[in-house]
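# fold the following.
(chains A, B, C, D, E and F)
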Amino acid sequence: MEEWEEEGPEIVKKFLYVNRRAPYGTIYALECLEVALITAAFDQEESLIFMDDGVFQLKKNQDSSDIGMKNFSKTYRALDDYDVERIYVEKESLEARGLTADDLIIPVEVLSSEELREIIDKQDVVISS
Amino acid sequence: MEEWEEEGPEIVKKFLYVNRRAPYGTIYALECLEVALITAAFDQEESLIFMDDGVFQLKKNQDSSDIGMKNFSKTYRALDDYDVERIYVEKESLEARGLTADDLIIPVEVLSSEELREIIDKQDVVISS
Amino acid sequence: MKLGILIKQGPFTHQASDTAYLFTVAALAKGHEIYRVFFYNDGVYNSNKLSEPQTDDRDLVSLWSKLAADHNIDLVVCVAAALRRGIKDEILAEGFRISGLGQLVEAGIQADRTIVFGD
Amino acid sequence: MKLGILIKQGPFTHQASDTAYLFTVAALAKGHEIYRVFFYNDGVYNSNKLSEPQTDDRDLVSLWSKLAADHNIDLVVCVAAALRRGIKDEILAEGFRISGLGQLVEAGIQADRTIVFGD
Amino acid sequence: MSHILHLVNKSPTERNGFDTCLRMAKPGDSVLMIEDGVYAALANADFAKTIIGSMNDLSFYALGPDITARGLNDVPLIEDVHVVDYEGFVDLVTETDVTQSWL
Amino acid sequence: MSHILHLVNKSPTERNGFDTCLRMAKPGDSVLMIEDGVYAALANADFAKTIIGSMNDLSFYALGPDITARGLNDVPLIEDVHVVDYEGFVDLVTETDVTQSWL
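Take a look at the predicted model:
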């Protein structure tokens, strides 16, 4: 973990991390998760969205030992330990890929595009992975 | 220009460079052009294909001064000086983007997907940009 | 207004750093404050002082260094992203500093707008 | 068979170098010859010896260096792509050499197959 | 309700970012095409109908320097895509509430 | 006529590489899905019909280690997509005439 400003300011903002990329093919999933975990230490109101190929990040039963890369999928479970509970997955993205919430490694809230749009509408800082 | 082996071997192979990316947004167009020019010094049978967003590389009237990047589009004209004459553009890609051969900075052979497939079928080395 | 900038790609390969640079220059010209520019993912490569572009090409590493000097801008390179990519103090260009990811979150909190440039 | 490998992406950000490495290991195990591995575009970043991955992550720079030493493989980093990205002899890992683009073309001529790994 | 500025920097014929942006943007939002995103402004391209179909709900902008760099000044662009320079880009960021990049 | 091995390393829902590969491959060619390209092998995904529609003309392969890494072993994959390991990848390269990567 990184160092951060201990004397956090009083401001509480709504941070949204938007994950639209598959894991392993690129590092964006892993490095976004690292930011999401750090953010949890700042007592902000944090949300994560997984849509498009980003839903693949949460696919359970990942085992990357044969490609030599680090399997970071279990780290998503740490989000709950850090009280990051606003985790949303787009229903349409899951369906287009033949997946359901049962295929995912953590409990999430599955929302329609329409509902996700309302989540996006409430944010102060939106960071795409 | 780079150095290269002066004592080229006798083998003559068919090299194909496949360009599917737009210029400026990424460096792939520029760095592929650099390889294509070096290849010309090796007396190989060289071809270039521009398809999908790669056709945008040849759009005439590029002027990158306001984005601070190097305008390399005129360098495509050097291909002719190096006797690289097999330059193919996919008709379907041009049409989908509302362009015609008149919009391009150099003369090219516009081929259908079907015809391009036959060009691809003849190659020994295929390098994607 | 206070602006925070996040750059996720290195120089040359993607246009992200070019766009971010010109955006930053324009923001300064309009009187806005740049709270911080944070370099993450391959963005850490923007701080490699060994970068030597062709003479007729732009030199983004130097451009960022100069902008930081002229306008006192805080250029922060993420330590975790930098370590794995081999960006260390010994090759760090002027005006950049290496620090933790918390600096990105803090910029998000303090700045009025956060703008992300990437691939 | 003689194989030529082209790697167009750096370590970590894209899987290209990982895949190319495991492909190369498998090809050697099957008795094939690796004529050359050529690093172009962001692929030049694979040769940065300052790279320091987390302890539980793979270290591609070292893996390539070791493979080159064990099997006498020619790892060539494109000088033009490397210069603009700040990869120079002073930070070049063991087993890599910096040379011209002609080395890629020559590999294409000499190898029986050329395989491209990128983004 | 906040007014979001959506940034799209990829060509609609290479990646899915533009489609997803249009699916997620809500009526009243603005979309700024930058970098390879400006190819979405080509009036004679197949993708034009998608942009035109969203014109009632969204305001579209495109970064002029990126258009000029790509040589698109001599071909028709979609009417009502407003061309802005980097200072206009800054104004769009400060005059909207949040900026979201569709990377 | 040469037998081409087409490599696709991107998801068909993110980029256009898979579509272009299928447009350009000729009957008799082989397609190997690697990296994020293996998502094209998902039997229950919308894209599956595109792959299945090309099955008469092309032979499809997918890299097993990339499938396992992504946790796709517990969901149905398209029948007749042959799963290979890195050694199988090497064999495909040497047993075909040319390898083309759709980057």
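# what's the separation between the closest residue to A:Ala40 other than its chain neighbours and F:Pro27?
Spatial nearest neighbour of A:Ala40, chain neighbours left out: A:Tyr82 (3.6 Å); criterion: CB to CB, 6 or more residues apart in numbering or on different chains. All C-beta spots, glycine's among them, are computed from the backbone N, C-alpha and C. Separation of A:Tyr82 from F:Pro27 (CB to CB, to the nearest Å): 54 Å.
# who has more neighbours, the two?
Neighbours around A:Tyr82 and F:Pro27, counted as other CB atoms under 10 Å in any protein chain shown, are more numerous at A:Tyr82. The numbers are 14 against 9.
# ok, the residue nearest to A:Ala40 touching A:Phe42?
No - between A:Tyr82 and A:Phe42 there is no contact under CB atoms under 8 Å: 10.6 Å.
# all helices for chain E, in order.
E:17-24, E:48-54, E:64-69, E:86-95 (DSSP state H).
# which one of those helices lies closest to B:Gln57?
Set against B:Gln57 and scored by CB to CB, the helices of chain E come closest in helix E:64-69, at 12.2 Å.
# can the closest one be found next to chain C?
Yes - Helix E:64-69 is in contact with chain C by CB under 8 Å from any CB of the partner chain, via E:Pro65.
# pull out the buried residues from the helix or strand bottoming out on mean pLDDT in chain A.
Taking mean pLDDT, DSSP states H and E as the measure, chain A has helix A:78-81 as its least confident helix or strand, at a mean of 95. By neighbour count with 16 or more other CB atoms under 10 Å in any protein chain shown, helix A:78-81 contains the buried residues A:Leu79.
# mind listing the helices for the chain?
No chain in the question, so chain A it is. Using DSSP H, the helices found in chain A span residues A:28-40, A:78-81, A:91-96, A:113-120.
# nope, chain C
C:16-29, C:60-71, C:79-85, C:102-110.
# what angle sits between the last one and helix A:28-40?
If you take axes from the mean of the first three to the mean of the last three CA atoms, to 10 degrees, helix C:102-110 sits at 60 degrees to helix A:28-40.
# likewise for the second one?
For the pair helix C:60-71 and helix A:28-40, the angle between their directions (the same axes, to 10 degrees) equals 20 degrees.
# would helix C:60-71 count as contacting chain E?
No - Helix C:60-71 stays clear of chain E (CB under 8 Å from any CB), getting no nearer than 13.8 Å.
# what residues of that helix count as buried?
Neighbour-count burial for helix C:60-71 [16+ other CB under 10 Å]: C:60-61, C:63-65, C:67-68.
# give me the contacts around it.
C:11-12, C:17-18, C:21, C:24-25, C:28, C:34, C:37, C:46-49, C:51, C:53, C:73-75, C:93-96, D:86 (CB atoms under 8 Å, 6 or more residues apart in numbering or on different chains).
# the same query, at a cut-off of 10 Å, please.
Applying CB atoms under 10 Å, 6 or more residues apart in numbering or on different chains, the external contacts of helix C:60-71 come out as B:68-69, C:7, C:10-12, C:17-18, C:20-22, C:24-25, C:28, C:33-34, C:37, C:39, C:45-53, C:59, C:73-75, C:93-97, D:84-86.
# what do you get for stretch A:62-69?
A:23-24, A:27, A:30, A:56, A:70-74, A:105, D:12, D:15, D:18-19, D:21-22, D:25, D:57-58, D:60, D:63, F:34-35, F:63-73, F:85-86.
# what's the answer for stretch A:106-113, then?
Stretch A:106-113 is contacted by residues A:47-51, A:55, A:58, A:60, A:73-74, A:76-80, A:85-95, A:100-101, A:104, A:115-119, E:20, E:23-24 when judged by CB under 10 Å, 6+ apart.
# out of those, who's near chain F?
Among the contacts of stretch A:106-113, the ones lying near chain F by CB under 10 Å from any CB of the partner chain are A:58, A:60, A:73, A:93, A:95, A:100, A:104.
# narrow the residues you listed to those that are buried.
Buried members of these, counted by 16+ other CB under 10 Å: A:58, A:73, A:93, A:104.
# what residue is smack in the middle of chain A?
Nearest residue to the geometric centre of chain A (CA atoms, centre = their mean): A:Leu48, 4.3 Å.
# which residues does that residue bridge with?
Counting by DSSP bridges, A:Leu48 is bridged to A:Tyr17, A:Ile87.
# wouldn't it be in contact with A:Tyr88 here?
Yes - A:Leu48 lies in contact with A:Tyr88 (CB atoms under 10 Å); the separation is 7.0 Å.
# show me where chain A dips below the pLDDT cut-off.
Applying pLDDT under 70 to chain A flags residues A:1-9.
# how does it look with 90?
Across chain A, the ranges flagged by pLDDT under 90 are A:1-11, A:129.
# again with chain E
Scanning chain E with the threshold set as pLDDT under 90 gives E:1.
# ok, back up a step: just the buried residues of the contacts of stretch A:62-69.
A:23-24, A:27, A:30, A:56, A:70-73, A:105, D:12, D:15, D:18-19, D:21-22, D:25, D:58, D:60, D:63, F:34-35, F:63-72, F:86.
# residues contacting A:Lys59?
By CB under 10 Å, 6+ apart, A:Lys59 lies in contact with A:22-23, A:73, A:97, A:99, A:103-105, F:39, F:70-72, F:74-75.
# try A:Asp53
A:19-23, A:25-26, A:29, A:93, A:97, E:16, F:10-15, F:36, F:39.
# just give the nearest non-adjacent residue to it, would you?
Nearest one to A:Asp53, counting by CB to CB, 6+ apart, is A:Ala22 at 4.2 Å.
# what separates that neighbour from F:Lys10, distance-wise?
Counting by CB to CB - A:Ala22 and F:Lys10 are separated by 9 Å.
# intersection of neighbour lists for these two?
A:53, F:35-36, F:39.
# out of these, the closest to B:Phe15 would be?
Proximity of those to B:Phe15 (CB to CB) peaks at F:Glu35, which lies at 24.9 Å.
# what's the neighbour count on the nearest residue to the closest one once chain neighbours are set aside?
Spatial nearest neighbour of F:Glu35, chain neighbours left out: F:Asn9 (4.0 Å); criterion: CB to CB, 6+ apart. The tally of other residues near F:Asn9 (other CB under 10 Å) stands at 28.
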